[in-house]
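*Asks:* Model the structure of this input:
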Amino acid sequence: MLGTVTEVVLLDSDILWRPEFESPGAPAPDFFETWPRVAKSIGQSGRPVVLFGSGVGVPDNIEPCIERRYFADVHYLALVCSDDVLASRLRHRPEWRKTHTPQYVSRQIEFNQWFKGRTRDLTPAVELLDTTRSSISSTAEEVTAWIRANLAAVS
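*Replies:* Numbering: from 1, shown residues only. Okay, here's the model as predicted:
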């Protein structure tokens, strides 16, 4: 997708993740409060922001944020797949990513299932994109199309 979507600024939420967010009782709201502030500041340049990251795809993590008030619309897209494909993808990542442990895989499968089971009652709605049978490049094309469709809808 790099180089194909120039209408927006693409950001990965993990760039601001810190180890202290992983401890019990961690200040996760601080992490989520940061992103609307960053997106608002970037958006003042005239280009919308698309933020990638698992927790930022949960409306309950973003909608209550103080800086959310500066956005007329926030659109949510969750990439999901079958549990066995997700487990395989996680186990085949490089070792340094630490995504191969049974505990990690289990947590991600739970989160994947949570999205699949909750889309009807999330506000705003979260659109799902099933990537079970998709290649990385076709998934990137579908995400690009989703971004452009949402841009066109607000223009």
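*Asks:* from here on, contacts and neighbour counts on C-alpha atoms
*Replies:* Fine.
*Asks:* how close does residue 33 sit to residue 55?
*Replies:* 12 Å (Cα to Cα, to the nearest Å).
*Asks:* Same check on residue 105?
*Replies:* Applying Cα to Cα to residue 105 and residue 55 gives a distance of 16 Å.
*Asks:* ranges for the helices of this protein?
*Replies:* 28-43, 59-62, 83-91, 102-118, 136-154 (DSSP state H).
*Asks:* just so I know, which of these lies nearest residue 128?
*Replies:* For the helices of the chain, the distance to residue 128 is smallest for helix 102-118, at 7.6 Å, taking Cα to Cα.
*Asks:* what angle separates that closest one from helix 83-91?
*Replies:* Comparing the axes of helix 102-118 and helix 83-91 via axes from the mean of the first three to the mean of the last three Cα atoms, to 10 degrees yields an angle of 140 degrees.
*Asks:* what sits against the spatially closest residue to residue 11 that is not a sequence neighbour?
*Replies:* Leaving aside its chain neighbours, residue 11 sits nearest to residue 51 (4.9 Å; criterion: Cα to Cα, 6 or more residues apart in numbering). Residues near residue 51 by Cα atoms under 8 Å, 6 or more residues apart in numbering: 10, 11, 12, 13.
*Asks:* what's the farthest-apart pair in those?
*Replies:* Maximum distance among the contacts of residue 51 (Cα to Cα): 9.8 Å, for 10 and 13.
*Asks:* Grab the most central residue of the protein for me.
*Replies:* residue 53 (3.3 Å; Cα atoms, centre = their mean).
*Asks:* tell me the phi and psi of that one?
*Replies:* Backbone torsions of residue 53, given as degrees, to the nearest 10, read phi 160, psi 150.
*Asks:* mind listing what the closest residue in space to it that isn't next to it in sequence touches?
*Replies:* The shortest distance from residue 53 to any non-neighbouring residue, by Cα to Cα, 6+ apart, is to residue 13 (5.2 Å). Residue 13 makes contact with 35, 51, 52, 53, 56, according to Cα under 8 Å, 6+ apart.
*Asks:* any idea how far the second one is from residue 36?
*Replies:* To tie it back to what came earlier, the one meant is residue 51. 10 Å.
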